[in-house]
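J.: predicted structure and sequence below. I'll ask about it afterward.
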Amino acid sequence: MIPAQKTQIPGPRSAELCAGLRRWESRNVTFLSPDFPVFWEHAEGVNVWDVDGNRYLDLTAGFGVAALGYSLPAIAAAGGAQLRQLPLGMGDVHPSAGKVRLLELLSRLTFEAWGRGEAKSILGCTGSDAVEAAMKTALLATGRPELIAFQGSYHGLAYGAMEATQMGDFRKPFIEQMAKRAVFLPFPNCWHCPWGRGERSPAECDARCRCALVDELKRVFASRSVGAILVEPMLGRGGMILPPDWFLPLLRQVADEEGALLIFDEIFTGFFRTGPRFACERSGVVPDLLCVGKPLGGGFPISACIGPAEVMDAWPESDGEALHTSTFLGSPLGCRMGCAFLEEIERRQKDLAVEEKGKGLLAGLSDLALPASPLKNVRGSGLFIGVEVNDPQGRPHAALASRLVSALLKAGVILLAGGPDRHVLSFTPPLIVTQEELDWSVTTLHSLLERMGV
Ligand SMILES: Cc1ncc(COP(=O)(O)O)c(C=O)c1O
């Protein structure tokens, strides 16, 4: 639903609550400014209402979680029923039946669908949990503790996952407590070539990029004890970057040659966000381990590291004390909501028309990215789309991106800027968004740019 005209954003109740946050929440958690944040009160479909009664169109899907929008009756009913029946279990000791159902669905929708046989999973609560389970599995499976990850990647901020996260300054203050087990290689980026693209033809450019990456991969495997390559098939928080088509097949080939595991982090890109069920399906490359999270629980925090039985069986049988567990592992509530989410999204996948709506949004944003506009380098797949905000010299313009995010909020649109330089407007709306809502968002962005005189 397109938001009505706003009165005041942030409104008085949000401003009052901000004062409470400033007082009682640690610094450096919620960003507080005169324009930010608004406090959410309830949400439905693609809309969020704040505590002052303003309605917004959420083009972030709440960090990519609300793939089917907010408060979907089927998921809410499943969650409500489970809450009344059995809100918690003893994950690695006495689980609920719902856990088995979720594990089975995860197997069916991933490795079984890819012809790799049945899969086993380790459930977690956060994306970081899934990545860390994958890292542990890789060590058990190969005996090699190090990993290759990519510049600009974001795999979470728990210490294990942060070993593989490279974007932004997240590691900097804590680096002394880190094991530094990851080697970071350039992520092939056709918009900002990590190897300094010259005047070459696209074909020559592609070939050089590929050769440079092969050299780096071989060098690292020769000099380090690498058991896994961990990669986002498309960089999400790192700036909505789609790699060239040869990238994932190349990683598959090198991982096979070196006896390492290939781990795809599809926590952001999974479950039809980019068009197909998983972003890796575009390339036909099957990983050894797949990490999923974000939308999986239909709003409840649940994640999984999934792998074919022969890979996951690197874990020994439990002798009564699990080597890897947590209090809320396989929460009955998360499992029930996860099953409801998977059943619902599978049932509705065709009607979502993610590719078509994504093409419409890409076209609308491309029309705004005229030579004199600060909007540049529109790119994406499905409803996973980024557009850079640059200064006239073509450099990242984080301040303008931030002004646009605030102005959009005042106009009733929730959007975030990502990328290492915080200048990539990142569009990841609920997959149920309509073309009309997307068109309205583009028009709103256009009129804001005009009003700002940029
Ligand atoms: C690709 C990817 N992996 C992992 C994570 C970490 O997930 P969480 O914040 O749930 O730990 C994120 C979060 O944005 C992500 O985008």
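T.: Yep, that arrived.
J.: near the ligand, which residues of this structure?
T.: Of all the residues in the chain, those in contact range of the ligand (C-beta under 6 Å from any ligand atom) are 126-128, 131, 154-156, 232, 236-237, 265, 267-268, 293. Quick note: C-beta positions are derived from backbone N, CA and C, even for glycine.
J.: could those residues go into TSV alongside neighbour count and pLDDT?
T.: Formatted as TSV, the residues of the chain next to the ligand follow (neighbours: other C-beta atoms under 10 Å; pLDDT from 0 to 100):
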residue	neighbour count	pLDDT
126	19	98
127	25	98
128	22	98
131	30	98
154	25	98
155	31	98
156	24	98
232	25	98
236	30	98
237	22	98
265	30	99
267	27	99
268	28	98
293	27	98
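J.: name the nearest of these relative to the ligand.
T.: Proximity of the residues of the chain next to the ligand to the ligand was ranked by C-beta to the nearest ligand atom; the top entry is residue 127 with 2.1 Å.
J.: tell me the phi and psi of that closest one?
T.: For residue 127, the backbone dihedrals are phi -60, psi -40 (criterion: degrees, to the nearest 10).
J.: contacts only, for it.
T.: Taking C-beta atoms under 8 Å, 6 or more residues apart in numbering as the contact definition, residue 127 lies against 155-156, 161, 265, 267, 291, 293-294, 303.
J.: can you tell me the helix or strand for residue 341?
T.: helix 332-352 (DSSP states H and E).
J.: what's the answer for residue 98, then?
T.: Following DSSP H and E, the helix or strand that holds residue 98 is helix 97-107.
J.: now that helix: buried residues?
T.: For helix 97-107, the buried set under the neighbour-count rule, 16 or more other C-beta atoms under 10 Å, comprises 98-99, 101-103, 105-107.
J.: okay, the residues you listed in TSV with pLDDT and distance to residue 353 next?
T.: Output for the buried residues of helix 97-107, formatted as TSV (pLDDT from 0 to 100; distance: C-beta to C-beta, whole Å):
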residue	pLDDT	distance to residue 353
98	97	30
99	98	33
101	98	28
102	98	27
103	98	30
105	98	23
106	98	25
107	98	27
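J.: could you dump the contacts of residue 127 to TSV with distance to residue 141 and secondary structure?
T.: Supplementary listing: the contacts of residue 127 in TSV, determined by distance: C-beta to C-beta, whole Å; DSSP: H, G, I helix; E, B strand; the rest coil:
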residue	distance to residue 141	secondary structure
155	18	coil
156	21	coil
161	18	helix
265	17	strand
267	21	coil
291	15	strand
293	21	coil
294	25	helix
303	20	strand
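J.: residue 31: which of these is nearest?
T.: Residue 31 lies nearest to residue 156 out of the contacts of residue 127, by C-beta to C-beta, at 19.3 Å.
J.: sec struct for the residue nearest to the closest one when sequence neighbours are not counted, please.
T.: Of all residues not flanking residue 156 in the chain, residue 128 sits nearest, at 3.1 Å (C-beta to C-beta, 6 or more residues apart in numbering). Taken by DSSP: H, G, I helix; E, B strand; the rest coil, the conformation at residue 128 corresponds to helix.
J.: contacts only, for the residue nearest to the spatial centre of the chain.
T.: With the centre of the chain defined as its mean C-alpha position, the nearest residue by C-alpha atoms, centre = their mean is residue 268, 2.1 Å away. By C-beta under 8 Å, 6+ apart, the contact set of residue 268 is 64, 232, 236-237, 294, 384, 428.
J.: try residue 107
T.: Taking C-beta under 8 Å, 6+ apart as the criterion, residue 107 is in contact with 118-121, 306.
J.: please flag which of the residues you listed sit within strands.
T.: 119-121, 306 (DSSP state E).
J.: any chance of JSON lines for these, columns distance to residue 348 and neighbour count?
T.: JSON lines is the format used below for those (distance: C-beta to C-beta, whole Å; neighbours: other C-beta atoms under 10 Å):
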{"residue": "119", "distance to residue 348": "24", "neighbour count": "25"}
{"residue": "120", "distance to residue 348": "27", "neighbour count": "19"}
{"residue": "121", "distance to residue 348": "23", "neighbour count": "26"}
{"residue": "306", "distance to residue 348": "22", "neighbour count": "27"}
